[in-house]
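1. just coords:
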């Protein structure tokens, strides 16, 4: 392939949660700014082509066909995982299509990740919490060292909101690598204002007044802050004459759905409200609980399916109210948790629960029971959320 990663001008993003959201926000900004932009994220929801986006569209079938034809021997050798093949395809496609900015999300960790083979314009670490301890290690220090692996000599580093110890460690490593280190909250201030948010940009010589934002739950305040901070830093490295940050935020305020981020506090139905959120670890579930606490509804109903090795006990303890019913479901994957174990966990916390294996059947069952002012939360693995998205309930 002649090392396509060496020709990439991009952003590399690691973190426990939020990295996909930050990556998608940056990508949509670049596309709206007139850039030929590429995005590589994982996991995909229903089609592997979703992982690679160029110019606002999934990678074309023609490009996929060209890549597979040219590198069929390597792909079929059995030496490379699916993720490694997708990573190679992404770098190759971004070079072939002349991408001016490529946004690359790590798959797992950072230091040993397949994506960690290029020198970016900017490195971002969104946040840190315990995850994938069987692969990254049991302690936060183990996980921090994996994430810190994306820090490159002389490449600016942006840190999202995280605990003080993680922030201090990353800043020290950045200093050792001669990297300028920025904190997102020092560059962008996002404050709650009624039903929306007011945003101040700190690096722009006070060019922009506060901006009103609404309906941004599907993005997340912290992710939005980190993404806007990254945009502020990237403006100095790119030709960004088509649309200013001010104009882009105004566009986003008018239509948050323009980001195209699926399965992150995504409302797919009203009366009753149905929310999809691919929260799949304790930190993400606590965020969901916080979001639930800000919502107005009568009864809460939950449908959940997640991978093995995850416990929902913390999630259930922090719910703002006891669910009327929790339905444990599943999805077609070897790593899917036995739904009966989810029911057992719910039972220990005196939550009424039952098993319905098919996600769509589970949702149909609860829709027959719920009242118009109720809220139905579907959460857990993104693979589970993908099945609900694929059922095309958005237009109901």
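-> Okay, I see it. Just so we're clear, the structure is a prediction, and the values are computed from it rather than from any experiment.

2. low-confidence stretches in the protein?
-> By pLDDT under 70, the weakly predicted segments of the chain are 1, 131-135, 137, 192-197, 203-219, 238-248, 250-260, 392-396.

3. so which strand or helix has the residue with the largest distance to the centre of the chain?
-> For the chain, the residue at maximal distance from the C-alpha centroid (Cα atoms, centre = their mean) is residue 73, at 32.8 Å. In this structure, residue 73 sits in helix 72-75 according to DSSP states H and E.

4. buried set for stretch 158-177?
-> 158-162, 166-167, 169-171, 173-174 (16 or more other Cβ atoms under 10 Å). In this view, the C-beta of every residue, glycine as well, is placed from N, C-alpha and C.

5. the residues you listed into JSON lines, with extra columns for distance to residue 50?
-> Conversion of the buried residues of stretch 158-177 to JSON lines gives the following (distance: Cβ to Cβ, whole Å):
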{"residue": "158", "distance to residue 50": "25"}
{"residue": "159", "distance to residue 50": "28"}
{"residue": "160", "distance to residue 50": "24"}
{"residue": "161", "distance to residue 50": "27"}
{"residue": "162", "distance to residue 50": "28"}
{"residue": "166", "distance to residue 50": "30"}
{"residue": "167", "distance to residue 50": "32"}
{"residue": "169", "distance to residue 50": "34"}
{"residue": "170", "distance to residue 50": "30"}
{"residue": "171", "distance to residue 50": "35"}
{"residue": "173", "distance to residue 50": "33"}
{"residue": "174", "distance to residue 50": "32"}
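
6. tell me the one among those residues nearest to residue 115.
-> Checking the buried residues of stretch 158-177 against residue 115 by Cβ to Cβ gives residue 158 as the nearest, at 16.9 Å.

7. which helices and strands sit right next to the helix or strand hosting residue 225?
-> Element membership of residue 225, judged by DSSP H and E, is helix 221-234. For helix 221-234, the packing partners by 3 or more Cβ pairs under 8 Å, 6 or more residues apart in numbering; DSSP states H and E come out as helix 19-32, strand 122-125, strand 157-159, helix 184-187, strand 188-193, strand 196-201, helix 245-254.

8. is it possible to get TSV of these that adds distance to residue 381?
-> Output for the helices and strands packed on helix 221-234, formatted as TSV (distance: least, Cβ to Cβ, whole Å):
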stretch	distance to residue 381
helix 19-32	14
strand 122-125	23
strand 157-159	27
helix 184-187	28
strand 188-193	29
strand 196-201	29
helix 245-254	28
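
9. nearest to residue 352, of the ones you listed?
-> Closest to residue 352 of those is helix 19-32 (Cβ to Cβ; 32.7 Å).

10. could you give the angle of that closest one to helix 221-234?
-> Put simply, helix 19-32 runs at 40 degrees to helix 221-234, going by axes from the mean of the first three to the mean of the last three Cα atoms, to 10 degrees.

11. mind checking what helix or strand follows helix 19-32 in sequence?
-> By DSSP H and E, the next helix or strand past helix 19-32 is strand 37-40.

12. about what we covered before: tell me which residues of the helix holding residue 225 are tucked away?
-> For helix 221-234, the neighbour count (16+ other Cβ under 10 Å) marks 221-234 as buried.

13. leaving out the residues flanking it, which one is nearest to residue 52?
-> Distances taken as Cβ to Cβ, 6 or more residues apart in numbering put residue 59 closest to residue 52, at 4.0 Å, once the chain neighbours are dropped.

14. for the one you found, give me its contacts.
-> Residue 59 is in contact with 49, 52-53, 89, 93, counting by Cβ atoms under 8 Å, 6 or more residues apart in numbering.

15. between these, which has the most around it?
-> Within the contacts of residue 59, most neighbours by other Cβ atoms under 10 Å means residue 52, with 26 neighbours.

16. tell me how far it lies from residue 33.
-> Per Cβ to Cβ, to the nearest Å, residue 52 is found 20 Å from residue 33.

17. can you check residue 266 too?
-> 25 Å.

18. who has more neighbours, the two?
-> More crowded of residue 266 and residue 33, by other Cβ under 10 Å: residue 33, with 23 against 20.

19. list the contacts of residue 170.
-> Counted by Cβ under 8 Å, 6+ apart, residue 170 has contacts 125, 144, 147-148, 151, 157, 159, 181.

20. please redo it, this time with the cut-off set to 6 Å
-> residue 159 (Cβ atoms under 6 Å, 6 or more residues apart in numbering).

21. who's in contact with the closest residue to residue 380 other than its chain neighbours?
-> Sequence neighbours aside, residue 306 is the residue nearest to residue 380 in space, at 4.0 Å (criterion: Cβ to Cβ, 6+ apart). Shown in contact with residue 306 (Cβ under 6 Å, 6+ apart): 280, 337, 380-381.

22. nearest spatial neighbour of residue 360, skipping sequence neighbours?
-> Going by Cβ to Cβ, 6+ apart, residue 360 has residue 391 as its nearest residue, at 5.1 Å.

23. distance of that neighbour relative to residue 363?
-> Counting by Cβ to Cβ, the gap from residue 391 to residue 363 is 8 Å.

24. higher neighbour count, these two?
-> Neighbours per residue, other Cβ under 10 Å: of residue 391 and residue 363, the larger number sits with residue 363, 25 against 14.

25. mind listing what the closest residue to residue 300 other than its chain neighbours touches?
-> Closest residue in space to residue 300, ignoring its immediate chain neighbours: residue 323 at 4.9 Å, by Cβ to Cβ, 6+ apart. Contact analysis of residue 323 by Cβ under 6 Å, 6+ apart lists 300, 302, 351.

26. need the three-state assignment for residue 323.
-> coil (DSSP: H, G, I helix; E, B strand; the rest coil).

27. that one and residue 349, how far apart?
-> Counting by Cβ to Cβ, the gap from residue 323 to residue 349 is 10 Å.

28. is it fair to say residue 90 lies in a helix?
-> Yes: assessed with three-state DSSP, residue 90 lies in a helix.

29. neighbours around it, how many?
-> For residue 90, using other Cβ under 10 Å, the count is 29.

30. one more: residue 348?
-> Neighbours around residue 348, by other Cβ under 10 Å: 10.

31. quick thing: my sequence starts at 426, can you match it?
-> Yes, from this point I'll number from 426; that puts the last item at residue 773.
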